[in-house]
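> next input, structure requested:
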Amino acid sequence: MLTEDGPTLIGTLLRARLLDELFLTVSPLLAGRSTTTVRPGLVDGMELAPDQARWLNLLSLRRDDAYLFLRYRVV
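This is a model prediction of the structure:
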């Protein structure tokens, strides 16, 4: 099943080990946060410290203009 979801669902799927692949688009737009902005990152509700990290294997990489489309398998 392919889904476009947010950080909360990604965290839920990762915790349950139900996320098999991750499609990630890197765009040429820089965005940031101020110290007063509360906004979740890619994964919410799950700490991914270095000793608890979920590793990804790159399956494919495509480029369209300045965009990169990355497809990873979650290990």
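
> quick one: pLDDT of the residue located most distally from the centre of the chain?
Taking CA atoms, centre = their mean, the residue of the chain most remote from its mean C-alpha position is Thr36, at 22.9 Å. Note for Thr36: predicted pLDDT of 72.

> what's the closest non-adjacent residue to Tyr67?
The shortest distance from Tyr67 to any residue that is not its chain neighbour, by CB to CB, 6 or more residues apart in numbering, is 5.5 Å, and that residue is Ser27. Placement of C-beta: from N, CA and C, glycine included.

> I figured the one you found was touching Ala66, is that so?
Yes - with contacts counted by CB atoms under 8 Å, Ser27 reaches Ala66, the gap being 7.4 Å.

> residue closest to the middle of the protein?
Leu42 (4.8 Å).

> where does the protein dip in pLDDT?
Applying pLDDT under 70 to the predicted model, the residue ranges of the chain that meet it are 37, 39.

> can you tell me the helix or strand for Thr3?
Thr3 belongs to no helix or strand when elements are defined using DSSP states H and E.

> so who does it touch?
Taking CB atoms under 8 Å, 6 or more residues apart in numbering, we find Thr3 in contact with Leu9.

> hmm, try it at 10 Å
Shown in contact with Thr3 (CB atoms under 10 Å, 6 or more residues apart in numbering): Leu9, Ile10, Leu13, Leu19.

> these in helices, which ones?
The subset of the contacts of Thr3 located in helices under the criterion DSSP state H comprises Leu9, Ile10, Leu13.

> in ChimeraX, how would I select just the buried ones from those residues?
In ChimeraX, selecting the buried portion of those, with burial taken from 16 or more other CB atoms under 10 Å, looks like this:
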select :10,13
